[in-house]
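Participant: attaching a predicted model along with its sequence, questions to come.
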Amino acid sequence: MKRFIGGVALTLALSATAFAQQTPAPEQPQTHPENPVRHRRMGRAHGPRMARHLRARRGLRRLELSDAQRQQFRSLRDSHRQRTQAQRAELRQLLRTRRQGGTLNAEQEARARQLQQELRQTGQSVHGEMLGVLTPEQRTRLEQQ
C-alpha cells in the first residue's frame with residue numbers, strides 16, 4: 001500500500017512539474033492605443049490610398065526627373081505640408097472623436113467638411129504647381145500613363 005501511495009505521489013509530482021514547464025500561450029498581436037483593431041501584416045493590401053500613392057511614385061520614376069525638378073517637387077511638398085499642418089491636425093482630431101464613438105454637433109460637422117474642402121483645394125493647387133515644373137514632354141508622358 002505504501003508503494004502504491006508513493007507511486008501516486010511521484011506521478012502527481014512529475015505531472016505538476018511538467019505542467020509548470022509548459023510554454024505560455026502566444027500573446028495576441030499588439031494593438032495601437034488609439035485603434036483597438038489588430039495591425040495588418042506587412043505584404044497585405046493597404047487600401048486604395050496606398051495603391052494611389054504607389055502608382056504616383058512609379059509614374060514619377062518613369063518621367064526621368066532632373067535633380068532640380070526633384071528638389072522643386074520636394075520643396076513644394078514640404079511647404080504644402082507645413083502650410084496645412086494645423087488644418088490636418090484639427091481635422092484629424094474631429095475625425096478621431098467621431099471614430100471613437102463620439103458624436104459631432106452640427107458646427108463640428110460643418111467645420112470638418114470645410115477643412116476637407118480646403119485641404120482638397122490646396123492639394124489641387126500644389127498639383128498644378130507640380131505640373132508646372134514638368135517639361136511639355138514629361139507632361140504628355142504623364143498623361144499617357
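Facilitator: On my side now, so go ahead.
Participant: quick check: buried residues in the longest helix seen in the chain?
Facilitator: The single longest helix within the chain, with elements called by DSSP state H, is helix 106-133. Of the residues in helix 106-133, 112, 115, 126, 130, 133 count as buried by neighbour count, 16 or more other C-beta atoms under 10 Å. Just so you know, the C-beta spots here come from the backbone N, C-alpha and C atoms, and that holds for glycine as well.
Participant: ok, now which ones touch the last one?
Facilitator: The reference is to V133. 69, 72-73, 76 (C-beta atoms under 8 Å, 6 or more residues apart in numbering).
Participant: switch the cut-off to 10 Å
Facilitator: 65-66, 68-73, 76, 139 (C-beta atoms under 10 Å, 6 or more residues apart in numbering).
Participant: can I get the buried residues of helix 106-133 in a markdown table with pLDDT?
Facilitator: Shown next, in a markdown table, are the buried residues of helix 106-133 (pLDDT from 0 to 100):
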| residue | pLDDT |
| --- | --- |
| A112 | 91 |
| L115 | 95 |
| V126 | 93 |
| M130 | 90 |
| V133 | 92 |
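Participant: helices of this protein, start to end?
Facilitator: Ranges of helices in the chain, per DSSP H, are 2-20, 48-62, 67-83, 85-99, 106-133, 136-144.
Participant: for the record, mean pLDDT for the third one?
Facilitator: Per-region confidence: helix 67-83 scores 93 on mean pLDDT.
Participant: tell me what it is packed against?
Facilitator: In terms of contacts (3 or more C-beta pairs under 10 Å, 6 or more residues apart in numbering; DSSP states H and E), helix 67-83 is packed against helix 48-62, helix 106-133.
Participant: save those helices as TSV, and put in distance to Q100 too.
Facilitator: Below are the helices and strands packed on helix 67-83 laid out as TSV (distance: least, C-beta to C-beta, whole Å):
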stretch	distance to Q100
helix 48-62	21
helix 106-133	14
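Participant: could you tell me the least trusted of these?
Facilitator: Among the helices and strands packed on helix 67-83, helix 48-62 carries the lowest mean pLDDT (a mean of 73).
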